[in-house]
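Engineer: Structure for this input, please:
(one chain, ligands or ions: 1)
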Amino acid sequence: MNTFSIAIHGGAGTLVKGMMTSELEAQYKLALKSALDAGYLVLENGGTSIDAVEKAVISLENSYLFNAGKGAVFTAEETHEMDASIMDGKTLNAGAVSLITGIKNPVSLSRDVMEKSEHVFLAGQGAMQFAKINDYTIEDETYFYDELRHNQWLEIKDTDSFQLDHAKKKDSKFGTVGAVACDKDGNVAAATSTGGMTNKKFGRVGDSPMIGAGNYANNKTCAISCTGSGEFFIKGVVAYDVACLIEHKEMSLAAAANEVINKRIIEIGGDGGLIAIDAKGNISMPFNTEGMYRACKSSNGEEEISIYK
Ligand code: ASP
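Structural biologist: Have a look, this model is predicted:
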């Protein structure tokens, strides 16, 4: 039997250690652990990697701690616009949504795009129409309201600036979320979900829903979910770049992931991290920021839940 494993992240960024209370740190670790266990259980029971990543991401989206689903940041219009994507490494089937509002679990909508539509990527009003046809409940704004996120937005709302949730500032609830998994059959999958950037406008979309940039999966190489400065991750086609280094330069998973995060993305001005897994169940979780909420678990006994380096 193949080694099966899962890795998850809750965002990479600047997190000044002293500003994190031990209580909050415990809350984050608990939320990471529940998401990890939810995904791992699927794999342990012989389920598929695509089911495992969806389950893990749903768990993270349901936590107010992360910038996805319930904890999504505020846009310039004081709303929440979310992006998500999912990809199956066995078939290369993929689904993505962006600029959606009121959807409790954007990752599930991206999966429905993959499985119930002829398309890969649906955005804005069209994506919402698709959600309604598929009987999604539209939550009202109060479901997504969080005082800390609202205060982050109030601080910059009358300016032209927009902010990564993990930008250097006093509070630091950073947190796009993602999961990658390899199941007992050696199939890999990846899922990513985010609220994007605080005070974003003009229909800004980051890397998270873009197949190849923030999310990618191919059994031949690896499955990847990214977090960081989205504009740079798009320009660097980061997730696909890691896969290409493995495929064309025969690099190991860890070497390829490190090359992209600790060299290539820095060279073009970006920062962040990623989680990666291959069809043998190997895991790599590099980041070039101060911290990245992350966790992984493998059938070979490996388990980690960490925030800092
Ligand atoms: N990459 C995400 C975006 O640019 C943000 C993040 O990872 O926190 O939308």
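Engineer: Excluding covalently adjacent residues, which one is nearest to the residue of the stretch 51-200 of the chain found nearest the ligand?
Structural biologist: Going by C-beta to the nearest ligand atom, the ligand is nearest to Thr176 of the stretch 51-200 of the chain, at 3.3 Å. Heads up, the C-betas are built off the backbone N, CA and C, glycines and all. Excluding its sequence neighbours, the residue lying closest to Thr176 (C-beta to C-beta, 6 or more residues apart in numbering) is Thr194, at 3.8 Å.
Engineer: Can you give me the neighbour number for that neighbour?
Structural biologist: Thr194: 33 surrounding residues under other C-beta atoms under 10 Å.
Engineer: Show me what it is bridged to.
Structural biologist: For Thr194, the beta-bridge partners under DSSP bridges are Asp83.
Engineer: pretty sure it contacts Met210?
Structural biologist: No: contact between Thr194 and Met210 fails when scored by C-beta atoms under 8 Å: they sit 11.2 Å apart.
Engineer: Residues touching stretch 236-253, excluding its own?
Structural biologist: Contact partners of stretch 236-253, identified using C-beta atoms under 8 Å, 6 or more residues apart in numbering, comprise 190, 207, 211-216, 218, 220-222, 224-226, 233, 255-257, 259-260, 264-265, 268, 270, 274, 276-278, 282-284.
Engineer: returning to what we had before: can you tell me which residues contact the residue nearest to Thr176?
Structural biologist: 67-68, 72, 82-84, 176-177, 206, 208, 227.
Engineer: didn't Gly178 look like it was pressed against Val57?
Structural biologist: Yes: Gly178 lies in contact with Val57 (C-beta under 8 Å); the separation is 6.8 Å.
Engineer: where do the contact lists of those two overlap?
Structural biologist: By C-beta under 8 Å, 6+ apart, the residues touching both Gly178 and Val57 are 8, 191-193.
Engineer: Adding secondary structure as columns, could you present these in a markdown table?
Structural biologist: Shown next, in a markdown table, are the shared contacts of Gly178 and Val57 (DSSP: H, G, I helix; E, B strand; the rest coil):
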| residue | secondary structure |
| --- | --- |
| Ile8 | strand |
| Ala191 | strand |
| Thr192 | strand |
| Ser193 | strand |
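Engineer: Would you mind trimming those residues to those in range of the ligand?
Structural biologist: For the ligand, no contacts are drawn from the shared contacts of Gly178 and Val57 by C-beta under 6 Å from any ligand atom.
Engineer: most neighbours, which of those?
Structural biologist: Neighbour count (other C-beta under 10 Å) singles out Thr192 as the most crowded of the shared contacts of Gly178 and Val57, with 39 neighbours.
Engineer: surely that residue meets Cys226?
Structural biologist: Yes: in this structure, Thr192 is within contact of Cys226 by C-beta under 8 Å, at 6.9 Å.
Engineer: can you list residues touching both of these two?
Structural biologist: Common neighbours of Thr192 and Cys226 (C-beta under 8 Å, 6+ apart) are 178, 208, 214-215.
Engineer: Val97: which of those residues is nearest?
Structural biologist: Of all these, Val97 sits closest to Ser208, with 10.3 Å by C-beta to C-beta.
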